[in-house]
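K.L.:
pasting a predicted model and its sequence here:
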Amino acid sequence: MAALTVNMMDRKAYFWGIQALRSGGLVALGITLFGVSPKPGLHERGLAVTITLAVVAVAWIGMITFDIRKWPIEYPLALLSVSGGLLSILQPGPAIFVPAVAAFSAGSNLAPQVSAAITVAGALSLTVTALVIGAPTSAVLGFVVILGTALAMGTVRYAIAQRAGQAEQLLEQTLRASAAETEAAVLGERTRIAREIHDILAHSLGALAMQVEAAQALLTQENPDIAKAVRCVERAGQLTREGLVESRRAVHALREDIGPLSEMIGTMVEADGGTMTTVGEPRKLQADAALALYRTAQEAVTNARKHAPGKAPSVDLRYDPDAVRLTVTNELAEADAARPLTDSGGGFGLSGLRERMELAGGTLEAGRDGEDWKVRAVVPG
């Protein structure tokens, strides 16, 4: 895509270069025509030259203006071709440059049928004017040949431009198809991994949960030791169910593209009793970057619940122009004032989260900030 961007910049510079050449051509034509005869005047043939020059100037300026504003350029080119044909006979010599420019521009920018019609109109005006004033037949034929050559050159340029445009469109389509193919391959691989997780981990946790529930049903709470065992089994069952939920969530995240990041984090934080602030316009991120931010928020909130129960965490999700920043803040309990993220709970831990963030091209920082513990994550996007 970068190559296409450079191509567009080159095309823009080329376009304005053409307009500059056209403007310079009009000035050069005006200077040249004042040195030949008959000169513009207010009587007889001089008056005809003056009127024709005025029409040529209007048509030439119109050609530049219409091209810049993307208006139909065939109208000023047709006027330029006809008036240029008249001028070529009224003031022979350099004036043939005018219909030749019209023919070349028409051939370069318009369909062959339209450009041919414009050139023929110029040739007819030239021929009729020549018959009226009795100009030599050889001069008329020479002018017609010049117009035909200019048209042919413009048509060749038009064909080359068309092929270049088609090639550029084909390249863009190929790049899009390649990107879609890559994304499909990634999603396919993620689906395969999700299937493996489901078959191995989710089924195992489900069977374990059933066994824990069966053991819990068999135990009674009459004996104090048995009561303690019951609480342990209940805790094990709770952890098993939480692990099963996390496994299903991981399978879902792998099989499908991750949903809106702000909504996912917001739902999780709200369920945990925390608060969330979103700054900037939410936008879609790369799947690995969005998942890394979500896992960071998840682990930080879980860690806050574990080490500072009853103190709701606050989450700040900020969409900057070149990056997305996540900050999770929670008050520290006295016993855990210097305790970092652990490898329990969500199961990722500080080292695992940092590794995940680096793979997504981002950074992760965690540490004490006064009486709070802050986790800061940044990903490009």
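P.N.:
In hand now; what should we look at?
K.L.:
show me where the stretch 251-381 of the chain has helices.
P.N.:
Residue ranges of the helices in the stretch 251-381 of the chain, as given by DSSP state H, counting those that start in this stretch, are 261-271, 287-307, 349-359.
K.L.:
relative to helix 287-307, how tilted is the last one?
P.N.:
Taking axes from the mean of the first three to the mean of the last three CA atoms, to 10 degrees, helix 349-359 and helix 287-307 form an angle of 160 degrees between their directions.
K.L.:
tell me the buried residues in helix 349-359?
P.N.:
349, 350, 353, 354, 356, 357 (16 or more other CB atoms under 10 Å). C-betas here are computed from N, CA, C, even on glycine.
K.L.:
same deal with the first one?
P.N.:
Neighbour-count burial for helix 261-271, counted by 16+ other CB under 10 Å, picks out 261, 262, 264, 265, 266, 268, 269.
K.L.:
cool, and stretch 235-243?
P.N.:
For stretch 235-243, the neighbour count (16+ other CB under 10 Å) marks 236, 237, 239, 240, 241, 243 as buried.
K.L.:
buried set for stretch 314-327?
P.N.:
314, 315, 316, 317, 319, 324, 325, 326, 327.
K.L.:
ok, and what's touching it?
P.N.:
261-262, 265, 269, 274-283, 285, 289, 293, 296-297, 301, 328-330, 374-381 (CB atoms under 8 Å, 6 or more residues apart in numbering).
K.L.:
let's see it at 7 Å
P.N.:
Identification of contacts with stretch 314-327 by CB atoms under 7 Å, 6 or more residues apart in numbering yields 262, 265, 269, 274-283, 285, 293, 296-297, 328-329, 374, 376-381.
K.L.:
give the buried subset of those as a PyMOL selection command.
P.N.:
Buried residues within these, by 16+ other CB under 10 Å, are selected in PyMOL with:
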select buried, resi 262+265+269+274+276+278+285+293+296+297+328+329+374+376+377+378+379+381
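K.L.:
re the thing from before, I'd like the helices of the stretch 251-381 of the chain as CSV, with mean pLDDT and distance to residue 127 appended.
P.N.:
Shown next, in CSV, are those (pLDDT from 0 to 100; distance: least, CB to CB, whole Å):
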stretch, mean pLDDT, distance to residue 127
helix 261-271, 85, 72
helix 287-307, 82, 69
helix 349-359, 80, 75
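K.L.:
nearest to residue 41, out of the buried residues of stretch 235-243: which one, please.
P.N.:
residue 243 (99.3 Å; CB to CB).
K.L.:
pLDDT value on the closest one, please?
P.N.:
With respect to pLDDT, residue 243 has a value of 69.
K.L.:
how about the one 3 residues further on?
P.N.:
At residue 246, the pLDDT value in this model is 67.
K.L.:
in the protein, which spans are strands?
P.N.:
Ranges of strands within the chain are 275-279, 314-319, 323-331, 363-369, 372-380, based on DSSP state E.
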